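A.B. asks: this one's sequence-less:
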């Protein structure tokens, strides 16, 4: 009977969930069995098994208590794992949706894919009642999630920064005001919305979908960073034929861009041999493409804007104009 109970305890996974209690139980059982074996070696007339009956009863009681405890522990583990699985599913889903809103999301998607595969394994183990094995996978899962979040957090931080958004908002408002005061056409590019808006006399005239740099959610600092610059610029040249259909060249880098570049260089944020870069354009080639830092549009729309503007037309590029923008609010369900 004691041997049957010991096997049941082993099958229940007591050694994993209650190792201290299990070690005491097995030690007590072994001692009792050794002692009764010694008693059995005595001459038959001198054998007395009565003292061992209570010991085995106590061991059986202990075993039953442990079985109750382990079921309670397993229930707790099951509840905890269920909550964690649900939480991880929400986090991964929200992060995956967020990565689709920004070009830089490709850097996090590989980590999220690994995290999702591990989560599937955790859930499979959970359904089989292999709670300890499921928990063992959670650390790795959390590591991949943290890596994904770390790559995305600088972007989320920029677009959630009130002072940053207010600066962008003022640039856009000043540009529209200039259009109204001077009776001219101006361009405002909103990177979070991926839109290019044309204003005439301060009124919205046209709005187009655009593509931005591979790292377009960031402000451009140096050549080769694939970021799309932010600031107030002007069209310096109209190119009727370029590598990407027609193009409008803007005056990046501005004086402010040069100051930012020098500061970043001092802070060691720029590779030693990297220059500040240039040749930033609004060009054709498609609005759903990732550029090296330029702003891309559909060719037929490029024709429209090309005919509307002239050299000297103000072009303001901002990240967002509202604190509750598509990037800062993307993880609201997390």
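C.D. replies: Looks like it came in fine. Given the structure is predicted, the values throughout are model-derived calculations rather than measurements.
A.B. asks: quick one: the helices in the stretch 201-334 of the chain?
C.D. replies: With DSSP state H, counting those that start in this stretch as the criterion, the stretch 201-334 of the chain has helices at 255-266, 299-308.
A.B. asks: and these: which comes nearest residue 243?
C.D. replies: Nearest to residue 243, of all the helices of the stretch 201-334 of the chain, is helix 299-308, at 12.9 Å by CB to CB. Quick note: C-beta positions are derived from backbone N, CA and C, even for glycine.
A.B. asks: chain center to the closest one: distance?
C.D. replies: Distance of helix 299-308 from its chain centroid, counting by CA atoms, centre = their mean, to the nearest Å, is 37 Å.
A.B. asks: what is the mean pLDDT for it?
C.D. replies: The average pLDDT within helix 299-308 is 96.
A.B. asks: elements contacting it?
C.D. replies: If contacts are counted by 3 or more CB pairs under 8 Å, 6 or more residues apart in numbering; DSSP states H and E, helix 299-308 sits against strand 195-200, strand 203-209, strand 245-250, strand 281-283.
A.B. asks: make CSV from the ones you listed and add distance to residue 31 to it.
C.D. replies: Output for those, formatted as CSV (distance: least, CB to CB, whole Å):
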stretch, distance to residue 31
strand 195-200, 79
strand 203-209, 79
strand 245-250, 86
strand 281-283, 85
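A.B. asks: would you format those as JSON lines with distance to residue 146 and mean neighbour count included?
C.D. replies: Below are the helices and strands packed on helix 299-308 laid out as JSON lines (distance: least, CB to CB, whole Å; neighbours: other CB atoms under 10 Å):
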{"stretch": "strand 195-200", "distance to residue 146": "33", "mean neighbour count": "19"}
{"stretch": "strand 203-209", "distance to residue 146": "33", "mean neighbour count": "14"}
{"stretch": "strand 245-250", "distance to residue 146": "38", "mean neighbour count": "23"}
{"stretch": "strand 281-283", "distance to residue 146": "38", "mean neighbour count": "24"}
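A.B. asks: got a markdown table for those strands, with mean pLDDT and distance to residue 161 too?
C.D. replies: Below are the helices and strands packed on helix 299-308 laid out as a markdown table (pLDDT from 0 to 100; distance: least, CB to CB, whole Å):
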| stretch | mean pLDDT | distance to residue 161 |
| --- | --- | --- |
| strand 195-200 | 97 | 21 |
| strand 203-209 | 96 | 25 |
| strand 245-250 | 96 | 25 |
| strand 281-283 | 97 | 26 |
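A.B. asks: how about these, which one is nearest residue 130?
C.D. replies: strand 203-209 (48.6 Å).
A.B. asks: what lines up beside the closest one in the sheet?
C.D. replies: Strand 203-209 pairs in its sheet with strand 195-200 (antiparallel), by DSSP bridges.
A.B. asks: tell me which residues are up against the partner strand.
C.D. replies: The contact list for strand 195-200 (CB atoms under 8 Å, 6 or more residues apart in numbering) reads 175-176, 179, 184-190, 204-210, 282, 295, 297, 305, 308.
A.B. asks: what's the answer for stretch 257-266, then?
C.D. replies: By CB under 8 Å, 6+ apart, stretch 257-266 touches 219, 220, 221, 222, 229, 231, 253, 270, 276.
A.B. asks: among the residues you listed, which two are most distant?
C.D. replies: Distance extremes for the contacts of stretch 257-266: the farthest pair is 231 and 270 at 17.5 Å, using CB to CB.
A.B. asks: where do the domain boundaries of this protein fall?
C.D. replies: Listed domain ranges for the chain are 2-158, 162-318 (source: automatic domain parsing).
A.B. asks: now render these as TSV, adding distance to residue 329.
C.D. replies: Below are the domains of the chain laid out as TSV (distance: least, CB to CB, whole Å):
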stretch	distance to residue 329
domain 2-158	10
domain 162-318	10
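A.B. asks: residue 229: neighbouring residues, count only.
C.D. replies: By other CB atoms under 10 Å, the residues close to residue 229 number 25.
A.B. asks: any stretches of the protein with poor pLDDT?
C.D. replies: Scanning the chain for pLDDT under 70 picks out 39-40, 43-49, 52, 330-334.
A.B. asks: all the strands of it, in order from the start?
C.D. replies: Remark: strands assigned in the chain by DSSP state E are 185-190, 195-200, 203-209, 231-242, 245-250, 281-283, 295-296, 314-318.
A.B. asks: need the contact partners of the fifth one.
C.D. replies: It refers to strand 245-250. 233-240, 279-285, 299, 302-303, 305-306, 309, 315.
A.B. asks: all set, thanks.
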